[in-house]
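Visitor: fold the following.
(2 chains)
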Amino acid sequence: MHRLKRLLVGTPLPTAQARHERLGKATALAVFASDALSSVAYATEEIVLVLMLAGVVALSYSLPIGIAISLLIVIVVSSYRQTILAYPKGGGAYIVTKDNLGTVAGLIAAAALLIDYVLTVAVSVAAGIAAVTSALPVLFPYRVWLGVLGVVAIAVANLRGIRESGKIFALPTYLFVGSMLLVTGYGGVGAVFGWIGAAPYAPHPAGLEGVGLFLLLRAFAAGCSALTGVEAVSDGVPAFKPPEAHNARVVLAWLGALLVTLFLGITFLAYDFGIRPREDETVVSQLARHVFGTGSAYYVIQLVTMLILLLAANTSFADFPRLAFFLARDRFIPRQFGNQGDRLVFSNGIVILGGMAALLLVIFRGNPHALIPLYAVGVFISFTLSQSSMVRHWLRRRTEGWWWRASVNGVGALVTGLVMLTIAVTKFSHGAWIVLLLIPSLVALFIGMRRHYDDVALQLSLEDFTPPPPMTNTVLVLVGDLHKGVVRAVQYAKTLSPNAKAVYVETDPERTRRLEERWVKYGMGTPLIVLNSPYRSLLGPLVDYLNQLQRQGGPNHVVTIVLPEFLPARWWHQILHNQTALLIKGAMLFRKDVVVTDVPHHLRR
Amino acid sequence: MLIGRLVGLFLAILSHYDSVARQLSLRALEPPPPMSTIVLVLVGDLHRGVIQAIQYAQALSPSAKAVYVETDPERTRRLEERWGKWGLGIPLVVLSSPYRSLLGPLLDYIDHLRQQAPNHMVTLVLPEFIPARWWQQLLHNQTALLIKGAMLFRRNVVVTDVPYHLRN
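Guide: The predicted model follows:
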């Protein structure tokens, strides 16, 4: 077990080795944009899938919906550029909301974010595997296990502690941006001049629904998955080279521009070429295949798409443990999430995140379309809360330009709030209900844990505490027989107290007689107290005797029970012996002023 | 076939019991060398449960020492400041842990003590607070369990929990 851990995770790192890399603008874009940009790999497809319910004619609505979502991107990006100004030390939704709207609102944001991070991993990995199986259909039946394997690989890499190292991120991110720009650029020119025609017609079932407002809103809500990950830049401002806030705002603007370009380009071309969603091939894969043909360019694009999606999943492995650390520091979740592991990472957060994401992949059969309805609702809850907090922030501070800044964030809050409601309503029966149910439960859990920790701290506090008088101790050795282990335990008891006594619970007077005979020789002068047990119970007479000792004991008196215990060489040998020690420890666990001490005697075979 | 298997099992169990009895037998037992014990209290913080454990260690041995594994020098400094008031006069041994592991430095220290005095037992006193409900235990570090597990196969080390019971 230990060697496996060393092999996978590596040798421990000293604390002094913790260091922080500062990122230039170009690297920072690669590090923080992978999550947001990778969503163009599935956002268009989500819109088209909903519209197809009303048949091929409804597909023309994908353009206005795409434009509406692009406007939304502009609004959200502008809002977050304000957040960066106000929180140059990093303004995650939890911290910003807790600061401005109070603890409960902050916890709602935190719960939404934690769920989100899990879903980011599940959705991104599922979509990454879909990019691979589009190119290599033979792998399609194995997509669930490929996904689980991907999650495990990312988790192990994070347990080893790959930092948000620019080099790892820069290449796939820029390759993805480049190849998508190439697909949309070359494809766009080809479409205008007519040298690339429409995709071959694929037969489709007729639409089941009419084109109604609800359907259009549902398609819009589905496309909002394009916005996931936009907030990453404002969370990570301290990682930028100085002037941090300025650089972060520039990078966020670039990110917005790229996101809008790629998303609109893909949506427009998918419509123009008449590409229809298919179960076994993604829309982006069909688009790339249509523009470049099934050649090496196409395979490179699929590979790069998978890589950026895996990087997007990887960003959650930095974000989730960090948020968990903040929550553990504020004592809202178990404190184990605050422990740094051997490799200077928050190992527990990484393991929990990986486990939950893998579980989701198995439950939802590795299907990104089934996971996405759960995804966007949490993202927009945290958007709304964090934007509303910013409005409050500007109204309180009234620094220069506060009126303008409050308006920008106000519009952001209003719009993201409306989108959140739209998603919650239109996607409710498709899985959003799970998240809407989970968030309040998590918040209640957080508050419950905080209450427990506060209560413990109060009970253990040294304020107004006067230590009781020095403790007195009575040492007993519980004896059932006489063997080497018992002799050792008696000897040990005598080192603890010269007045140690041996206690034997009598079940058969004949055995008592034999024990007493041998005690003279091996008892080392320790008095042997025999307790009568007419009902053969070991515990009953022992408890009675303890009660009697504790009544006589005086203030701050403790009874130590020394148990001779032999440890077999093989753990399964243990089941062949009486579990007396376990029984006694269990019975004494909730008894005050009794300490139970095992003296192990190790057997060789 | 089953009968054959069962008989084989019976014989194996019998031979295990015989082997245990031989190893524990007092026949030809040399009078054991005199034994004494070094008492350590493991301290991670200072609270009522820790004070109780220190008092217990003092009741076991007048020369008991407290041991603290340092992960952050700043926390050590604060602990040492408060130790003067709450340490009840017992010395505080600080073990540095560059890899943040609790077990590594503790095991090294205990091995070092055992080498110096091979006939000594080392008694490690662990302050442990017991929450009123069992599931609340999950909310706290499982340090005590970890240490007991690590010491299980070390000869001449006895781990003693001193429970501090919390009310609900």
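Visitor: need the CA coordinates for stretch A:445-463. PDB is fine.
Guide: Listed in PDB are the C-alpha atoms of stretch A:445-463, where the atom choice follows Å, rounded to 0.1, in the frame of the first residue of the first chain:
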ATOM      1  CA  LEU A 445     -24.700  20.600   6.600                       C
ATOM      2  CA  PHE A 446     -22.100  23.400   6.500                       C
ATOM      3  CA  ILE A 447     -23.900  25.300   9.200                       C
ATOM      4  CA  GLY A 448     -24.400  22.100  11.300                       C
ATOM      5  CA  MET A 449     -20.700  21.400  11.200                       C
ATOM      6  CA  ARG A 450     -19.700  24.900  12.100                       C
ATOM      7  CA  ARG A 451     -22.100  24.700  15.100                       C
ATOM      8  CA  HIS A 452     -20.400  21.400  16.200                       C
ATOM      9  CA  TYR A 453     -16.900  22.900  15.900                       C
ATOM     10  CA  ASP A 454     -17.900  26.000  17.800                       C
ATOM     11  CA  ASP A 455     -19.400  23.900  20.500                       C
ATOM     12  CA  VAL A 456     -16.300  21.700  20.800                       C
ATOM     13  CA  ALA A 457     -14.000  24.800  20.900                       C
ATOM     14  CA  LEU A 458     -16.200  26.300  23.700                       C
ATOM     15  CA  GLN A 459     -16.000  23.100  25.800                       C
ATOM     16  CA  LEU A 460     -12.200  22.800  25.400                       C
ATOM     17  CA  SER A 461     -11.500  26.500  25.800                       C
ATOM     18  CA  LEU A 462      -8.900  27.500  28.500                       C
ATOM     19  CA  GLU A 463     -10.600  30.800  29.100                       C
END
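Visitor: where is the longest strand in chain A?
Guide: Counting residues, the longest strand found in chain A (DSSP state E) is strand A:557-567.
Visitor: next secondary structure element downstream of that one?
Guide: Using DSSP states H and E, the next helix or strand after strand A:557-567 towards the C-terminus is helix A:580-588.
Visitor: would that following helix count as contacting chain B?
Guide: No: with Cβ under 8 Å from any Cβ of the partner chain as the measure, helix A:580-588 is seen stopping short of chain B, the closest distance being 8.6 Å. Bear in mind the C-beta positions are built from the backbone N, C-alpha and C, glycine included.
Visitor: how far out from the middle of the chain is that helix?
Guide: On the basis of Cα atoms, centre = their mean, to the nearest Å, the separation between the geometric centre of helix A:580-588 and that of its chain is 37 Å.
Visitor: which one is residue A:220 nearest to, not counting chain neighbours?
Guide: Leaving aside its sequence neighbours, residue A:220 sits nearest to residue A:65 (Cβ to Cβ, 6 or more residues apart in numbering or on different chains; 5.1 Å).
Visitor: my bad, should have said residue A:402
Guide: With Cβ to Cβ, 6+ apart as the criterion, residue A:402 has its nearest non-adjacent residue at 4.5 Å, and that residue is residue A:394.
Visitor: my guess is the one you found meets residue A:406, correct?
Guide: Yes: under the criterion of Cβ atoms under 8 Å, residue A:394 is in contact with residue A:406, at a separation of 3.9 Å.
Visitor: in chain B, where is pLDDT below threshold?
Guide: Judged by pLDDT under 70, chain B has its weakly predicted residues at B:28-29, B:31.
Visitor: in it, where's the longest helix?
Guide: Identified as the longest helix of chain B according to DSSP state H is helix B:2-24.
Visitor: that one near chain A at all?
Guide: Yes: using Cβ under 8 Å from any Cβ, a contact is recorded between helix B:2-24 and chain A, made by B:13, B:16-17, B:19-20, B:23-24.
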